[in-house]
Each structure stands twice: as C-alpha cells, then as structure tokens.
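Peer 1: 3D model of this:
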Amino acid sequence: MRRTEPFLYVGLTVILIGVLLVIPVVTVIGYSLFDNVITNPNPEFVGLAHYADLLTDKGFYTSVMNTLIFTTVSVAAHLVIGLVFALLLNSPLVSRSTTAIYRTIYVLPWLFTVAIVAVLWRLLLNPNGVINYLLSFVGVGATEWLSDPSLALGTVTFINIWAGYPFFMVSLLAGLQGISADLYEAARVDGANAWQRFTAVTLPNLKPVIISMSLLDLIWTSQQFALIWMTTGGGPIDATELVSTYTYKLAFTKYEFGAASTAAVVVLVLSMILAVLYVRHQRAKE
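Peer 2: Below is the predicted model:
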C-alpha cells in the first residue's frame with residue numbers, strides 16, 4: 001500500500017492528461033497518415049504522403065512566412081511599447097492621479113475580447129470609416145486597409161500589437177516596481193547618467209521577465225487565429241494567411257482532414273520547440 005500510495009495521488013492527473021492531451025495528439029498524428037479520414041469510414045493509408053505534399057505546397061510556405069513576420073513584429077513591438085509605457089507609469093515625475101488615468105487608458109485594449117477588437121478595427125478602417133476620414137484632411141484618399149494585399153498583413157499586425165501590448169506593460173511594470181531604489185541611488189553616486197542607469201540597472205533586473213514574456217508571446221502570437229479570421233479571413237489572396245488559418249481552411253473548407261492534421265502536427269512540433277526553450281529558461285532561473 002505504501003508503494004502504491006504516491007501513484008494514487010497522481011493517478012487522476014495522469015488520467016486527465018492522457019484523455020485531454022495524449023489521446024488527441026496521438027489521434028491527430030494518426031489522421032495525418034490517412035487520406036479521406038473522418039469523412040470516409042474506410043480511409044486510405046498514405047503514410048508520409050501528406051507531409052511530402054505539405055512541404056511542396058507554396059501556400060504552406062506563404063503561411064509560414066506570414067506567420068514569422070506577424071509573430072516577430074508583434075512580439076518586438078509588444079516588448080518595446082510595453083517597456084516604454086511601463087517606464088512612464090513607474091516614473092516619479094508623473095503624479096499618482098495622472099498615473100492612474102494613463103494606466104486605465106493603456107490597459108483598455110487588453111479588456112476587449114478578440115471579437116470586439118476585430119469589429120472595432122474593421123469599422124475604424126472601413127473605406128468610409130474614421131481613420132480614412134481623418135487622413136482625408138492631410139490629402140490621403142480612401143484606403144482599403146484590410147482589402148489591399150500590400151497593406152493587409154501590416155494592418156492586422158498593427159491591430160494585434162494594439163491589442164497585446166498591455167500584457168507586456170503590466171508584467172514589466174511589476175518588474176520595475178520590484179527593483180530596489182538603492183541600486184539606482186548607488187548608480188547615481190557612481191556618476192551614471194539616465195541611459196547608463198537604464199542599461200546597467202533596469203535592463204539586467206528586467207531580463208528574466210523580458211525573456212519569459214517574449215517566449216510566451218511567441219507561442220501565443222504564432223498560434224493567433226481568431227483575430228485574423230474575423231478581420232481578413234486569411235485574405236486577400238493569402239496576404240494574411242497564417243499557419244493557423246491555413247490549417248483551418250484545409251479541414252473545414254476543403255474537408256481534407258488528413259492534410260489538416262499534418263499541418264497541425266507541424267505546428268505542434270514548432271510549438272514544442274518554443275515550449276522547451278521556455279521550460280529551460282525557467283529551470284535556469286531556479
């Protein structure tokens with residue numbers, strides 16, 4: 001009984017992990033090896049044919065490139081904007097009442113659901129919307145921000161940056177408030193200017209937060225689906241097609257569940273790489 005007691009404590013957790021995680025993953029991997037899966041009671045085993053087709057599909061590489069651009073730019077902008085606003089809110093030069101007002105304004109995008117964000121920006125960026133109306137005063141004509149292939153990816157990236165920077169800002173603000181004032185005082189005594197205090201005190205103390213938040217944001221943003229689907233649907237002409245929307249269309253537009261499962265397995269592998277990096281970083285902090 002003593003030998004089996006530890007297994008009884010973790011048994012339910014293991015069962016839940018198996019049912020909710022292991023079985024679905026194994027099932028999807030199995031689906032990727034068959035053709036006409038789900039829609040046909042007798043699917044055809046094709047082995048790695050779907051993987052070969054995926055790696056020769058130009059549409060897949062387009063979605064991968066768009067995902068890289070969308071994710072990299074979004075995460076970098078989240079970090080920079082979040083850090084700037086966190087420094088502003090943590091500055092002793094700003095009064096408490098002013099800080100409270102700005103904090104409310106800066107956090108507002110984080111309070112909106114994805115559906116509200118998508119609808120809000122579709123209305124603002126409409127050819128007859130507020131953005132084009134304001135730009136008309138400086139001589140800029142009506143622009144199809146979400147319908148122009150040359151502008152669509154940059155536009156949805158901007159929307160994602162606007163909606164996601166508060167996550168970084170709040171976390172970095174908490175990190176800034178945890179830095180001892182004695183460190184800044186010692187740097188002033190040594191003759192360090194504002195930039196030197198920032199690089200020698202602020203950044204080193206925020207480094208663990210920055211790395212953790214960046215890795216988490218990479219995982220989250222690379223799998224973004226709802227915002228893209230509700231603003232552009234992956235268009236126009238695949239201009240905003242991400243791996244997530246590419247996989248969704250394979251499954252629920254073309255009903256190629258085997259090919260969609262293959263794309264999902266590839267996404268899973270890439271996500272696991274990021275997850276491993278995050279776990280290794282967390283262990284290194286201990």
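
Peer 1: Isn't S222 up against V266?
Peer 2: No: counting by Cβ atoms under 8 Å, S222 stays clear of V266, with 11.9 Å between them. In this view, the C-beta of every residue, glycine as well, is placed from N, C-alpha and C.

Peer 1: Now list whatever residues contact both of those two.
Peer 2: V243 (Cβ atoms under 8 Å, 6 or more residues apart in numbering).

Peer 1: out of these two, which sits in the more crowded spot?
Peer 2: S222 (21 against 18; other Cβ atoms under 10 Å).

Peer 1: what are the phi and psi angles of the residue lying closest to the more buried one once chain neighbours are set aside?
Peer 2: Distances taken as Cβ to Cβ, 6 or more residues apart in numbering put T71 closest to S222, at 4.7 Å, once the chain neighbours are dropped. Main-chain torsions, T71, degrees, to the nearest 10: phi -70, psi -50.

Peer 1: Tell me the spacing between T71 and P166.
Peer 2: Going from T71 to P166 by Cβ to Cβ, to the nearest Å gives 18 Å.

Peer 1: From I17, how far out is E5?
Peer 2: Per Cβ to Cβ, E5 is found 20 Å from I17.

Peer 1: of these two, who's got more company?
Peer 2: Between E5 and I17, counted using other Cβ under 10 Å, the more crowded position is I17 (12 against 8).

Peer 1: The more buried one should be in a helix, yeah?
Peer 2: Yes: using DSSP: H, G, I helix; E, B strand; the rest coil, the assignment for I17 is a helix.

Peer 1: Let me know the helix or strand that S63 is in.
Peer 2: Counting by DSSP states H and E, the element that carries S63 is helix 58-90.

Peer 1: Over to I101?
Peer 2: Taking DSSP H and E as the criterion, I101 maps to helix 96-111.

Peer 1: Which secondary structure elements does that helix sit against?
Peer 2: With contacts defined as 3 or more Cβ pairs under 8 Å, 6 or more residues apart in numbering; DSSP states H and E, the packing partners of helix 96-111 are helix 58-90, helix 152-177.

Peer 1: Quickly compare those helices and say which is most buried.
Peer 2: The highest mean neighbour count among the helices and strands packed on helix 96-111, using mean count of other Cβ atoms under 10 Å, belongs to helix 152-177: a mean of 20.
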